[in-house]
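S.K.: A structural model of the following input is requested.
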Amino acid sequence: MVTRTRRSVAAATLALAGVCALTTGAPRPVEAMTLARHGGTLILAGDIERRDLDRITAAFDSAPTITHVVLRNSRGGNSWTGYRLGEFFRARGVTTVVSGHCVSSCSRLFLGGVVRQFADDFPASLTYVGLHGHYDFDRLNRDAVTKNDLVAWTLRFTDGRADPALVRRWVAIEARAGDIRFYPLAARSRFGHTTMLCQGNESRRPDDCEAIATTALAQGIVTTDAPWSSPDAATLVWGQRRRAFPDTGYATLDATERVPARSASARRDYERFRRAALPRAFAASADGSHWGWAGNDPRSVDAAIERCQRGAPRVRCQLYAVDDRVVWRPVGVRGDAASPLTGRR
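M.R.: You can find the predicted model right below:
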């Protein structure tokens, strides 16, 4: 009964498995920075190397004029190059965009933008900019922080809006695995807040990190809360998943009173779903008597429906929520002839 849904996301399963490995902390290979042009947008992905300064500045010399630089899933890299590219972007007056995660030296590229914003290419809970100090052999190098005047540089490139005391805290994080993370406002429904300071020794980051009562906009990390969509967003795994399971506008994830759930157990499971890592899905029967969910699972859509129907194969279960969207259509509201929400005709 869910074959249509299964086909609609099968092509994305392998890539989603890679995302699950990332969210659970499994090691992944080092990736050199890649450059891709889409008209006036330059998309940079991967780790930053010294030679990237020449490669990226050369890209600005070819038509059309680059107006947007997208920074996608970069863990940082060469610190000197990060400073120079951030300063280059500021001089060129470009808009910089975080697509996925942008950490360490990548954050300096991002702060170089005159306009700075988050993309909606990835779910909000997987989209953040992470900042910290300088490190040698994974330990803080205080001399390098002082030599590069990282605090003053950060204050200048956040247009004087960052809290100096907070900046001094994050540049003094001892472990390289630690950072302060700024997420889009939409991540609040997943974490309860959008700024977390992590020391790097937490068993679950960012869930176990210290919540900081501020936002990326308040600190000048971004200049606008408006999301931006990269020109290749539709080709990414999460873009495909968003098209297959679109938001119906029925409710928001935190509107728990709208969930078709009869029992306290179902409501507790829905709260577990909301705290679960992506990819995730929650399914229920129309009368709320049956439900099922799965998280941190590339098969979450099928798994949620299978668990909802377990022991009751004739029960008609449909998806209530997928990832960070409510996709529920109440009984009597017809969609297409073959609904991507249920896999049924």
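
S.K.: Now the closest residue to Ser105 other than its chain neighbours: which helix or strand?
M.R.: Excluding its sequence neighbours, the residue lying closest to Ser105 (C-beta to C-beta, 6 or more residues apart in numbering) is Gly82, at 3.2 Å. Yep, even glycine has a C-beta here, placed from its N, CA and C like the rest. When elements are assigned from DSSP states H and E, Gly82 belongs to helix 79-92.

S.K.: could you check the angle helix 79-92 makes with whichever helix or strand comes after that helix?
M.R.: Moving toward the C-terminus from helix 79-92, the next helix or strand (DSSP H and E) is strand 95-103. Going by axes from the mean of the first three to the mean of the last three C-alpha atoms, to 10 degrees, strand 95-103 is angled at 160 degrees with respect to helix 79-92.

S.K.: can you give me the offset of strand 95-103 from its chain's centre?
M.R.: 9 Å (C-alpha atoms, centre = their mean, to the nearest Å).

S.K.: try stretch 251-270
M.R.: 24 Å.

S.K.: end to end, how far does that stretch reach?
M.R.: End-to-end distance for stretch 251-270: 14 Å, by C-alpha to C-alpha, to the nearest Å.

S.K.: List the contacts of it.
M.R.: Defining contact as C-beta atoms under 8 Å, 6 or more residues apart in numbering, one finds that stretch 251-270 is touched by 189, 250, 271, 274, 282, 284-289, 291, 293, 320-321, 324-326, 328.

S.K.: Just these: which are in strands?
M.R.: Phe282, Ala284, Ser285, Trp291, Trp293, Tyr320, Ala321, Arg325, Val326 (DSSP state E).

S.K.: measure the spatially closest residue to Phe157 that is not a sequence neighbour to Arg168 for me?
M.R.: Nearest non-adjacent residue to Phe157, counting by C-beta to C-beta, 6+ apart: Leu111, 4.0 Å away. Distance, Leu111 to Arg168, by C-beta to C-beta, to the nearest Å: 16 Å.

S.K.: same question, Leu53
M.R.: 28 Å.

S.K.: More neighbours: which of those two?
M.R.: Leu53 (18 against 14; other C-beta atoms under 10 Å).

S.K.: didn't that one look like it was pressed against Tyr83?
M.R.: No. Applying C-beta atoms under 8 Å, one finds Leu53 not in contact with Tyr83, separated by 10.0 Å.

S.K.: correct me, but Leu278 touches Thr127?
M.R.: No. Using C-beta under 8 Å, Leu278 is not in contact with Thr127, being 11.1 Å away.

S.K.: of the contacts of stretch 251-270, buried ones?
M.R.: Buried residues within the contacts of stretch 251-270, counting neighbours by 16 or more other C-beta atoms under 10 Å: 250, 274, 282, 284-285, 291, 293, 320-321, 324-326, 328.

S.K.: Closest one of those residues to Asp61?
M.R.: Of all those, Asp324 has the smallest distance to Asp61: 39.4 Å, by C-beta to C-beta.

S.K.: How about the contacts made by the closest one?
M.R.: Applying C-beta under 8 Å, 6+ apart to Asp324 gives the contacts Pro123, Ala124, Ser125, Ala186, Ser189, Arg190, Leu253, Leu278.

S.K.: how about a cut-off of 6 Å?
M.R.: Each residue near Asp324 by C-beta atoms under 6 Å, 6 or more residues apart in numbering is listed here: Pro123.

S.K.: how far away is it from Glu174?
M.R.: Distance from Asp324 to Glu174, by C-beta to C-beta: 33 Å.

S.K.: Next: Gly200.
M.R.: Using C-beta to C-beta, Gly200 is found at 8 Å from Glu174.

S.K.: just His101 next, same as before
M.R.: On the measure of C-beta to C-beta, His101 and Glu174 end up 21 Å apart.

S.K.: Who has more neighbours out of the two?
M.R.: Each of His101 and Glu174 has its neighbours counted (other C-beta under 10 Å); His101 has more, 19 against 16.

S.K.: Okay, and the beta partners of that one?
M.R.: Taking DSSP bridges as the rule, His101 bridges to Tyr128.

S.K.: Let me know the pLDDT of it.
M.R.: Among the per-residue scores, His101 shows a pLDDT of 98.

S.K.: Model confidence score at the nearest residue to Leu131 once chain neighbours are set aside, please.
M.R.: In space, and not counting its chain neighbours, Leu131 is closest to Ser107: 4.7 Å by C-beta to C-beta, 6+ apart. Ser107 is assigned a pLDDT of 98 by the prediction.

S.K.: which element follows the helix or strand in which Ser107 is found toward the C-terminus?
M.R.: When elements are assigned from DSSP H and E, Ser107 belongs to helix 105-111. Following helix 105-111 in sequence order, the next helix or strand is strand 115-118 (DSSP H and E).

S.K.: What mean pLDDT does that next one get?
M.R.: 98.

S.K.: Kindly report the same for stretch 330-345.
M.R.: For stretch 330-345, the per-residue pLDDT averages 45.

S.K.: residues in contact with stretch 195-207?
M.R.: 175, 177-182, 208-212, 214.

S.K.: what comes up buried for it?
M.R.: Quick answer for stretch 195-207 (16+ other C-beta under 10 Å): Thr195, Met196, Leu197, Cys198, Arg205, Pro206.

S.K.: Okay, and which of those residues map to strands?
M.R.: Thr195, Met196, Leu197, Cys198.
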